[in-house]
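Engineer: the following comprises the amino acid sequence and a computationally predicted model.
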Amino acid sequence: MKAIQFDQFGGTDVLHEADVEVPQPGPGQVRVRVRAAGVNALDGKIRSGALQAAFPTPLPVIPGYEVSGTVDAVGVGVTEVSVGDEVVGWSDTGAYAQYALATTVAPKPADLDWEHAVALPVAGETAERVLNLLSVAPGETLLVHGAAGAVGTIVVQLAAARGARVIGTAGPTNQDYVTSLGAEATLYGEGLVERVQALAPAGVDAVLDVAGKGALEDSITLRGGTDRIVTLADFRAHQLGITFATSSKERSANRLAALAQDAATGKIVTTVNAYPLARAATAQQVSDTGHIRGKLVLTVA
């Protein structure tokens, strides 16, 4: 099968197309004929070698954690999924490929296309987890740094659905987009504290940093301390006494199925930027900039 992999750590130029063996499902696994794969910031951090000390990654690597496609084989013990089912979930073997193995998958609604379905697993699980970690409650004000990205898009909508007021930071071109998600948009960067204080004179109850672009000090000022501040992207968190939320292995097919149904009916809105599998390096270049509206996705023929 065709796959994108890298044999050494470095820039996006180390990504290349390769012919590799089609993986065979083990007990509890399904094999998915991939139609779309999600691109995440973590993919680039692993490719660069930046996380090698903390999370050693043996080479070669097929990147990607999110997959949508059709089940074409099932392993021993699989009873909930059958060959021919259209699914979305988390890849066990790397999603930048024509075939991938997966243990946790959910049905893909017929009214949800492959690209928008694959925008949900990581962003949806992360959004729900951090909102619970922050204990966001109805009537509270949540500040989200990086509200226009894949996780931010889902966080804003789920927080608003909880009855929270959301203030979302983004660049100039994404102000209207963040507003359309249900947040009050404001610019990031210099003067952020004053802009947020003007919107929320009584203060903010919780802060989520998805962007990782130096907003933690401003967040501490706005909160009056480090309590109820979580970052997903700023590795200075521990130095400042702030919680860094690492990725979770707790993956729920039932929760993903519910989120996919909400996306199919329009209750949850997703925005995707799609590239063909052969342009995976370009997609990761865009991802590495950190300036993305919605989700980067690879389509697989």
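Structural biologist: Right, received. Where do you want to start?

Engineer: for residue 285, give me phi and psi.
Structural biologist: phi -60, psi -50 (degrees, to the nearest 10).

Engineer: residues in contact with it?
Structural biologist: Taking CB atoms under 8 Å, 6 or more residues apart in numbering, we find residue 285 in contact with residue 12. In this view, the C-beta of every residue, glycine as well, is placed from N, C-alpha and C.

Engineer: got it, and residue 6?
Structural biologist: Residue 6 neighbours (CB under 8 Å, 6+ apart): 14, 15, 16, 47, 59, 60, 61, 63.

Engineer: pLDDT value on residue 231, please?
Structural biologist: With respect to pLDDT, residue 231 scores 96.

Engineer: so what's the residue count around the nearest residue to it once chain neighbours are set aside?
Structural biologist: Nearest non-adjacent residue to residue 231, counting by CB to CB, 6 or more residues apart in numbering: residue 209, 3.9 Å away. Residues lying near residue 209 (other CB atoms under 10 Å) number 27.

Engineer: how much space between residue 209 and residue 243?
Structural biologist: Relative to residue 243, residue 209 is positioned 10 Å away (CB to CB, to the nearest Å).

Engineer: just to revisit the earlier point, which residues does the residue nearest to residue 231 contact?
Structural biologist: Counted by CB under 8 Å, 6+ apart, residue 209 has contacts 145, 146, 215, 216, 219, 229, 230, 231, 232, 233, 234.

Engineer: phi first, then psi, for it.
Structural biologist: phi -100, psi 110.

Engineer: what do you get for residue 174?
Structural biologist: With angles defined as degrees, to the nearest 10, residue 174 sits at phi -110, psi 10.

Engineer: that one contacts residue 293, correct?
Structural biologist: Yes: using CB atoms under 8 Å, residue 174 is in contact with residue 293, at 5.6 Å.

Engineer: show me what contacts residue 151?
Structural biologist: Residue 151 sits in contact with 122, 123, 126, 127, 210, 232, where contact means CB under 8 Å, 6+ apart.

Engineer: and these, which two are furthest apart?
Structural biologist: 122 and 210 (12.0 Å; CB to CB).

Engineer: so which of these two has more stuff around it?
Structural biologist: Between residue 122 and residue 210, counted using other CB under 10 Å, the more crowded position is residue 210 (30 against 23).

Engineer: which neighbours do residue 209 and residue 243 share?
Structural biologist: Common contacts of residue 209 and residue 243 (CB under 8 Å, 6+ apart): 229, 230, 231.

Engineer: if I look at the second one, how far off is residue 15?
Structural biologist: The reference is to residue 230. 31 Å.

Engineer: and for the first one?
Structural biologist: With distances defined as CB to CB, the gap from residue 229 to residue 15 amounts to 34 Å.

Engineer: now stretch 253-269: how far from the chain's centre is it?
Structural biologist: 15 Å (CA atoms, centre = their mean, to the nearest Å).

Engineer: tell me where this structure has strands.
Structural biologist: Ranges of strands in the chain, per DSSP state E, are 2-5, 16-19, 30-39, 66-74, 86-91, 99-107, 141-145, 165-170, 184-187, 206-209, 229-231, 243-244, 272-276, 295-299.

Engineer: let's have those strands in CSV, adding distance to residue 134.
Structural biologist: Shown next, in CSV, are the strands of the chain (distance: least, CB to CB, whole Å):
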stretch, distance to residue 134
strand 2-5, 35
strand 16-19, 40
strand 30-39, 24
strand 66-74, 24
strand 86-91, 23
strand 99-107, 25
strand 141-145, 7
strand 165-170, 12
strand 184-187, 18
strand 206-209, 4
strand 229-231, 6
strand 243-244, 9
strand 272-276, 26
strand 295-299, 22
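
Engineer: of all those, which one is nearest residue 54?
Structural biologist: strand 243-244 (11.4 Å).

Engineer: average model confidence for the closest one?
Structural biologist: Averaged across strand 243-244, pLDDT comes to 94.

Engineer: run through the neighbouring helices and strands of it.
Structural biologist: If contacts are counted by 3 or more CB pairs under 8 Å, 6 or more residues apart in numbering; DSSP states H and E, strand 243-244 sits against strand 229-231, helix 237-240.

Engineer: hey, which of those is tucked in deepest?
Structural biologist: Compared across these, strand 229-231 shows the largest average neighbour count, a mean of 23 (mean count of other CB atoms under 10 Å).

Engineer: partners of that strand in the sheet?
Structural biologist: Strand pairing for strand 229-231, determined by DSSP bridges: strand 206-209 (parallel), strand 243-244 (parallel).
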